[in-house]
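1. Give me the fold of what follows.
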Amino acid sequence: MGSDAWVGVWRPHRPRGPIAAHYGGPGPKYKLPPNTGRYFPERAGNATYPSAPRHSIAPRNWGVQAEQQSPGPGAYTVPSLLGPRVIGKVSAPTYSIYGRRAAGSFFEDLSKTPGPCAYHVVSPGVYKSRAPQFTMLARTSLPQDNTQKPGPAAYNVDQ
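-> Sure, this is the predicted structure:
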């Protein structure tokens, strides 16, 4: 095999741009600023000095007068077309009699308000993480001897 036999599809080539392996130091980004004779801060432009923002996200409303703006569709109230107060129709007077409200008055029965026992206790599993309710382990019970053994009454002393 000669030196021109390549393994795989990769072939050596010149990189498209500078790579870090070609430099001995951290690179041109970290070089020292130029000397005082070649450094002119007044030529730097307005980007280096603090200033007010020059861009805004607000829409351009130049030339739009406030008097020309019409109200939106939610600004109109459509009159009712049913009932005794229809615009353009003559109607007889209507009366209604309502009783007093019991809620908030002196006649309210305060014994019907819910007490502390009327509220349900919320399970902690609703707002906290709970332990699992099942396991995959075998039960650890002691081995038992199920053979029949004679008790004290099984012996006959007379024989």
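
2. List the residues that contact residue 129.
-> The neighbours of residue 129, taking CB atoms under 8 Å, 6 or more residues apart in numbering as the test, come to nothing; the list is empty. Where C-beta positions appear, they are placed from N, C-alpha and C, glycine not excepted.

3. Let me know the helix or strand that it is in.
-> Residue 129 belongs to no helix or strand when elements are defined using DSSP states H and E.

4. what's the answer for residue 17, then?
-> Assigned by DSSP H and E, residue 17 falls outside every helix and strand.

5. burial of residue 137, as a residue count?
-> Neighbourhood size, residue 137 [other CB atoms under 10 Å]: 5.

6. so what's it up against?
-> Residue 137 sits in contact with no residue, where contact means CB under 8 Å, 6+ apart.

7. And the pLDDT at the most centrally placed residue in the chain?
-> Using CA atoms, centre = their mean, the residue of the chain that lies closest to the mean C-alpha position is residue 127, 17.3 Å off. According to the prediction, residue 127 has pLDDT 85.

8. And it, how far from residue 134?
-> 22 Å (CB to CB, to the nearest Å).

9. same deal with residue 76?
-> Counting by CB to CB, the gap from residue 76 to residue 134 is 63 Å.

10. neighbour-wise, which of those two wins?
-> Comparing residue 76 with residue 134 by neighbour count (other CB under 10 Å), the higher total belongs to residue 76, at 7 against 4.

11. Which residue ranges of the protein form strands?
-> Defined through DSSP state E, the strands belonging to the chain form an empty list.

12. Might you list the low-confidence residue ranges for it?
-> Low-confidence regions of the chain, defined by pLDDT under 70, span residues 1-4, 23-41, 44-49, 55-56, 58-69, 84, 159.

13. would you list every one of the helices in it?
-> In the chain, no segments count as helices under DSSP state H.

14. distance of residue 78 from residue 149?
-> Applying CB to CB, one obtains 96 Å for the distance of residue 78 from residue 149.

15. Please apply the same query to residue 130.
-> Between residue 130 and residue 149 the distance is 45 Å, computed by CB to CB.

16. Cool, thanks, signing off.
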